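K.L.:
Show me how the following folds:
(one chain, ligands or ions: 1)
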Amino acid sequence: MHTQGVPKIACIGAGNVGATAAQYCLEMGLGNVVLVDIVEGLPQGKALDMTEAGPIRNYSVTCTGTNDYADIAGADLVIVTAGLPRKPGMTRLDLLEKNGRIISGICGQIKQHAPDAIVIIVTNPLDVMVYLAYKTLGFPNNRVLGMAGCLDSARMRAFVAMELSVSMTNVDTMVLGSHGDAMVPLPQYTTVSGIPITQLMAQERIAAIIARTRDGGGEIVRLLKTGSAFYAPAAGAVRMAQSILRDERQVLPCAAYLNGEYGLNDIYMGVPCLLGRSGVENVVELKLTEQETAALHHSACEVQEGMEGLRQLGLI
Ligand code: A3D
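P.N.:
Numbers count the residues shown, from 1 in each chain. Okay, the predicted model is just below:
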């Protein structure tokens with residue numbers, strides 16, 4: 001197979017989000033995929049299964065599965081989805097410790113085997129895990145970013161489209177801040193073909209959509225009973241990968257390193273980013289109301305609490 005010049009994408013974690021991200025990458029022909037997991041046979045089995053779908057789905061890119069990080073050598077882009085979901089009885093700090101140790105171990109491997117890669121983190125608690133990845137990798141901050149805003153804004157776009165019975169692709173929105181209850185959806189930047197939703201919908205309906213967006217992850221967990229959302233999260237990560245690898249220069253909400261933007265320093269949080277071949281090429285500073293700025297800073301306090309947890313655990 002002719003693979004020269006085709007990007008190499010490593011998906012770390014062959015669970016629901018990781019394997020689905022791999023599948024989307026293959027279907028789009030975005031690059032050759034290497035799927036990595038600690039469970040023996042799991043990435044190999046899923047990769048072989050996806051390879052066998054190739055003749056029908058018509059891919060010209062390859063998928064391999066491995067338990068050996070040496071196989072990610074030369075990766076252009078790494079999507080990290082390894083980690084545990086929060087289980088009943090587990091505190092936030094327990095999850096921080098478990099996933100923190102996983103992320104720091106994986107980032108040590110990425111640093112060794114794929115030192116030039118751009119790294120997209122998906123593991124929760126998202127903003128804190130991206131900060132940990134940035135500290136562990138030691139890469140320039142434009143090459144380390146997190147996926148959450150793409151998912152949160154896709155959910156809001158879907159809800160607006162459902163409410164107004166319009167095409168989802170006509171709806172645009174921006175969701176900033178940390179991933180979770182403190183996210184900051186922005187109705188003033190939510191439009192249908194350029195028309196602000198404030199002109200199309202009553203205030204209570206907008207408030208209901210914002211509340212549903214905030215609870216988007218929880219709504220899926222309650223329906224599934226076991227596990228959490230993965231189709232839309234994987235789609236969010238691959239959308240970012242697409243803009244980067246194809247140098248599309250799309251402006252997408254991503255967890256990015258802030259160095260004074262929005263009045264915040266040395267923190268990772270969701271902001272609009274211009275994504276191109278070098279990763280985060282620019283952080284776009286939107287004009288926000290006082291209330292929105294206050295909500296963003298409240299969001300930052302939650303992330304800082306998590307960062308403090310990492311310090312207590314000796315992970316940073
Ligand atoms: P799951 O299907 O359990 O897959 C996780 C995979 O990670 C499993 O196959 C594990 O074997 C693997 N794994 C664990 N430790 C390691 C390791 N050290 N190296 C390699 N692989 C390892 O979970 P999932 O795919 O549903 O979710 C994965 C992560 O993404 C979780 O932390 C979720 O909370 C997070 N997530 C985040 C979002 C955001 O929007 C930020 C959305 C959905 C899921």
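K.L.:
Report the beta-bridge partners for the closest residue in space to L48 that isn't next to it in sequence.
P.N.:
Of all residues not flanking L48 in the chain, G65 sits nearest, at 6.9 Å (Cβ to Cβ, 6 or more residues apart in numbering). In short, each C-beta sits where N, CA and C put it, glycine included. Assessed by DSSP bridges, G65 has beta-bridge partners L35.
K.L.:
quick one, what contacts G65?
P.N.:
14, 34-37, 42-48 (Cβ atoms under 8 Å, 6 or more residues apart in numbering).
K.L.:
Spell out which residues of this structure are next to the ligand.
P.N.:
12-18, 36-39, 42, 81-83, 85, 99, 102, 105-106, 122-124, 126, 147-148, 151, 179, 227-230, 233 (Cβ under 6 Å from any ligand atom).
K.L.:
S243 belongs to a helix?
P.N.:
Yes - counting by DSSP: H, G, I helix; E, B strand; the rest coil, S243 is found in a helix.
K.L.:
and the gap between it and the ligand?
P.N.:
According to Cβ to the nearest ligand atom, to the nearest Å, S243 and the ligand sit 17 Å apart.
K.L.:
do the same with Q112
P.N.:
Taken as Cβ to the nearest ligand atom, the span from Q112 to the ligand is 14 Å.
K.L.:
That residue is in contact with I72, isn't it?
P.N.:
No - counting by Cβ atoms under 8 Å, Q112 stays clear of I72, with 9.6 Å between them.
K.L.:
ok, the two, which is more surrounded?
P.N.:
I72 (22 against 12; other Cβ atoms under 10 Å).
K.L.:
any chance you could read off phi and psi for the residue lying closest to that one once chain neighbours are set aside?
P.N.:
Nearest residue to I72 in three dimensions, chain neighbours excluded: A10, at 4.1 Å (Cβ to Cβ, 6+ apart). Here is the backbone geometry of A10 (degrees, to the nearest 10): phi -100, psi 130.
K.L.:
Please point out which parts of whatever helix or strand I56 lives in sit buried.
P.N.:
Using DSSP states H and E, I56 maps to helix 42-57. Buried residues in helix 42-57, counting neighbours by 16 or more other Cβ atoms under 10 Å, are found at 42-47, 50-51.
K.L.:
Reformat those as CSV; add pLDDT.
P.N.:
Output for the buried residues of helix 42-57, formatted as CSV (pLDDT from 0 to 100):
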residue, pLDDT
L42, 98
P43, 98
Q44, 98
G45, 98
K46, 99
A47, 98
M50, 98
T51, 98
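K.L.:
out of these, who's nearest the ligand?
P.N.:
Comparing those against the ligand with Cβ to the nearest ligand atom picks out L42 as the nearest, at 6.0 Å.
K.L.:
list the contacts for the closest residue to the closest one other than its chain neighbours?
P.N.:
Of all residues not flanking L42 in the chain, A14 sits nearest, at 5.0 Å (Cβ to Cβ, 6+ apart). Contact partners of A14, counting by Cβ under 8 Å, 6+ apart, are 22, 35-37, 39, 42-43, 46-47, 65.
K.L.:
let's see it at 10 Å
P.N.:
By Cβ atoms under 10 Å, 6 or more residues apart in numbering, the contact list for A14 reads 22, 35-39, 41-47, 65-67, 81-82.
K.L.:
So for whatever helix or strand L296 lives in, what gets flagged as buried?
P.N.:
Element membership of L296 [criterion: DSSP H and E] is helix 290-312. Using 16+ other Cβ under 10 Å as the test for burial, helix 290-312 gives 292, 295-296, 299-300, 302-304, 306-307, 309-310.
K.L.:
Same question for stretch 87-104.
P.N.:
Residues of stretch 87-104 classed as buried: 92, 95-97, 99-100, 102-104 (neighbour count, 16+ other Cβ under 10 Å).
K.L.:
what does stretch 11-29 give?
P.N.:
For stretch 11-29, the neighbour count (16+ other Cβ under 10 Å) marks 11-28 as buried.
K.L.:
Just the C-alphas of that stretch, formatted as CSV.
P.N.:
Provided in CSV are the C-alpha atoms of stretch 11-29 (Å, rounded to 0.1, in the frame of the first residue of the first chain):
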residue,chain,number,x,y,z
CYS,A,11,-4.9,6.8,19.3
ILE,A,12,-3.9,6.0,22.9
GLY,A,13,-6.7,4.0,24.5
ALA,A,14,-8.7,1.6,22.4
GLY,A,15,-11.9,1.9,24.4
ASN,A,16,-15.1,3.5,23.3
VAL,A,17,-13.8,7.0,22.4
GLY,A,18,-10.3,5.9,21.2
ALA,A,19,-11.6,3.2,18.8
THR,A,20,-14.4,5.4,17.5
ALA,A,21,-11.9,8.2,16.8
ALA,A,22,-9.7,5.7,15.0
GLN,A,23,-12.7,4.6,12.9
TYR,A,24,-13.6,8.2,12.0
CYS,A,25,-9.9,8.9,11.0
LEU,A,26,-10.0,5.9,8.7
GLU,A,27,-13.3,6.7,7.2
MET,A,28,-12.1,10.2,6.4
GLY,A,29,-8.7,9.0,5.1
